[in-house]
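Participant: 3D, please:
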Amino acid sequence: MPDPRDAVITGIGLISCLGEGEDAHWTALNAEGGFQPVTVDGPLAGYPVHPMAKLELGRQIPKHGDQRQMEPWQRIGTYAAGLALDAAGVKGVPELLGRTDLIVAAGGGERDYAVDTAILSALPGSAEPEMLLNERLLGDLRPTLFLAQLSNLLAGNISIVHGVIGSSRTFMGEEASGADAVRIACARIAAGQAELCLVGSSYNAERPDAQLHYLMGGRLHRGPFTGIWNRETGLILGSVGCFLVIESREHAQARGAAPIAQIAAIATDRCGRAPNAARAIAEHQLAGMRQHLQPGASAVFSASAGVAPAMAEEAEFLAGLDLPVRGVANALGHSVEAAFPAALALAAFALGHQKLFAPLQAHPLEAPMPERLAAALVTGWGHWRGEAMAVLTQP
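Facilitator: Residues are numbered from 1 along each chain as shown. The predicted structure is shown next:
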């Protein structure tokens, strides 16, 4: 029986290597002859990325001054947020925007490469490198852009450009932050603390420092594209912007908005990744939401990063569910904070079409599904920490 406090998705803004919006993604995912991944050589030679599709920024960020003052990850997120507001019928409606709560998952911003290069060049010849480092960081970086504020810039730009002026929250914490942003929105709606939320994240994979971080940690794939379920070397990053408009069922009905999907359940957790620890969390999460899945009419949308050993453990867990699986990173690349919201978006698109798109790679997990799709299990195991799960159902 529908509950007035159900959390429903009424708008989706997704941009990636596959294009902009639902139609571009659905067409690419169902391409005749099978899905073809879109990758290019990244900033580090030999390490591929899934690049952002070419965007006409003026469609969602009309002022060139606003575009210029944003870093790429902020432009990606602000653009995706505009698409979501458009899709939900909220954009340009002050009465709705004035009470739209904004929940953003964000990283720490992009590096000043000129400053980094100058410091790294000077350090080897310095008699007191620690002192030099402190002096250069204090003198060369803009004082307003320390790490605690960088993550808030995306929310600020969304508020300025789109007029979203309800409460605002920004979460940091890689993959877990994207899942928690959605979970908090659903919890606030269920508790009657919010009616209308704009939730999401963005990631720019085409940055040298982004690839360098994961390369230094031994978690970056090198060489030609390989599907995540067959990958042992690490992740392939992807530039993605994804925002969802989530609201209570009664609020959507009152304003005549048609729900795309219902978020029937969502849970997040984290562990130290001892052997089988993440799997135990997943089994516990699934036990609390299995009743929402429909035998023969459900599928899994995994936001797995493709990093061993977590990926292998997740694959083993998913194989035991006996459900067709789609590894979202095969299509979009791994977008860290945006990975879980993007998996929710693709699941919602599929529910809207009442069908699962074709397999994204040749692997036993990615089985075809000719039956009608009625429910989607969305999973997300972070590359280092963070385990999340949600169920989307027909609205």
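Participant: number of nearby residues for the closest residue to V38 other than its chain neighbours?
Facilitator: Among residues not flanking V38 along the chain, C17 sits closest, at 4.1 Å (CB to CB, 6 or more residues apart in numbering). For every residue, glycine as well, the C-beta is placed using N, CA and C. Counted by other CB atoms under 10 Å, the residues lying close to C17 total 22.
Participant: you'd agree P2 is up against S248?
Facilitator: No - contact criterion CB atoms under 8 Å: P2 and S248 do not qualify, at 11.0 Å.
Participant: what about the residue nearest the centre of the chain, distance to Q67?
Facilitator: What sits nearest the mean C-alpha location of the chain, by CA atoms, centre = their mean, is A338, with 1.8 Å. Distance of A338 to Q67, computed by CB to CB, to the nearest Å: 20 Å.
Participant: how long is stretch 82-100 from one end to the other?
Facilitator: 13 Å (CA to CA, to the nearest Å).
Participant: In it, which residues are buried?
Facilitator: Buried residues in stretch 82-100, counted by 16 or more other CB atoms under 10 Å: 82-91, 96-97, 100.
Participant: same question, stretch 48-63
Facilitator: P48, V49, H50, P51, M52, L55, L57, Q60, I61.
Participant: give the contact list for H251.
Facilitator: E195, L196 (CB atoms under 8 Å, 6 or more residues apart in numbering).
Participant: secondary structure element for it?
Facilitator: Element membership for H251, per DSSP states H and E: helix 249-254.
Participant: Give me the distance from that helix to the chain's centre.
Facilitator: 26 Å (CA atoms, centre = their mean, to the nearest Å).
Participant: Give the rounded mean pLDDT of that helix.
Facilitator: Helix 249-254 comes out with an average pLDDT of 98.
Participant: tell me which residues in that helix are buried?
Facilitator: For helix 249-254, by 16+ other CB under 10 Å, it's R249, H251, A252.
Participant: Max pairwise distance over the buried residues of stretch 82-100: which two?
Facilitator: L83 and L96 (16.1 Å; CB to CB).
Participant: any idea which helix or strand comes after the helix or strand of the chain with the lowest mean pLDDT?
Facilitator: Each helix and strand of the chain was given a mean pLDDT (mean pLDDT, DSSP states H and E); the minimum falls on helix 147-150 at a mean of 59. Helices and strands here follow DSSP H and E; after helix 147-150, the next one along the chain is helix 153-162.
Participant: where are the low-confidence patches of this protein?
Facilitator: Along the chain, segments meeting pLDDT under 70 span 141-149.
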